[in-house]
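[1] Give me a model of this one.
(one chain, ligands or ions: 1)
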Amino acid sequence: MIVCICNNVSDRKIRQAVDAGMTSMVELRDRLDVGTCCGKCHACAKRVLRECLEEASRAQPMMFHRNALAA
Ligand code: FES
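    Numbers count the residues shown, from 1 in each chain. Predicted structure coming up:
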């Protein structure tokens, strides 16, 4: 799905950006130019970003158990 028509940015590109470590609209704007023309895509891009971040956080395994810090 195209999120930003002006700059031809798809939800797939946003997902790839999140996978590469981006976590904010500022980063998406700077890297992908999302919302830098008419700005009508901002709300949709923000929603896609949030969904991608939620999916990424669910997919991340715990790095270590909480009790490991107490040792
Ligand atoms: S649709 Fe994204 S800047 Fe116009």
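
[2] State the mean pLDDT of the longest helix anywhere in the chain.
    Secondary structure assigned by DSSP state H gives helix 42-59 as the longest helix of the chain. Averaged across helix 42-59, the pLDDT comes to 94.

[3] Buried residues in it, which are they?
    42, 44, 45, 46, 48, 49, 52 (16 or more other C-beta atoms under 10 Å). All C-beta spots, glycine's among them, are computed from the backbone N, C-alpha and C.

[4] can you give me the helices in this protein?
    11-19, 25-32, 42-59.

[5] Columns distance to the ligand on top of those, output as JSON lines?
    Below are those laid out as JSON lines (distance: least, C-beta to the nearest ligand atom, whole Å):
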{"stretch": "helix 11-19", "distance to the ligand": "12"}
{"stretch": "helix 25-32", "distance to the ligand": "9"}
{"stretch": "helix 42-59", "distance to the ligand": "7"}
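
[6] Report the separation between the nearest residue to residue 52 once chain neighbours are set aside and residue 54.
    Counting by C-beta to C-beta, 6 or more residues apart in numbering, residue 18 is the residue found nearest to residue 52 once chain neighbours are left out, at 4.1 Å. Separation of residue 18 from residue 54 (C-beta to C-beta, to the nearest Å) stands at 10 Å.

[7] can you check residue 6 too?
    Counting by C-beta to C-beta - residue 6 and residue 54 are separated by 26 Å.

[8] if we can go back for a sec, what two of the buried residues of helix 42-59 have the greatest distance between them?
    The most widely separated members of these are 42 and 52, with 15.6 Å between them, by C-beta to C-beta.
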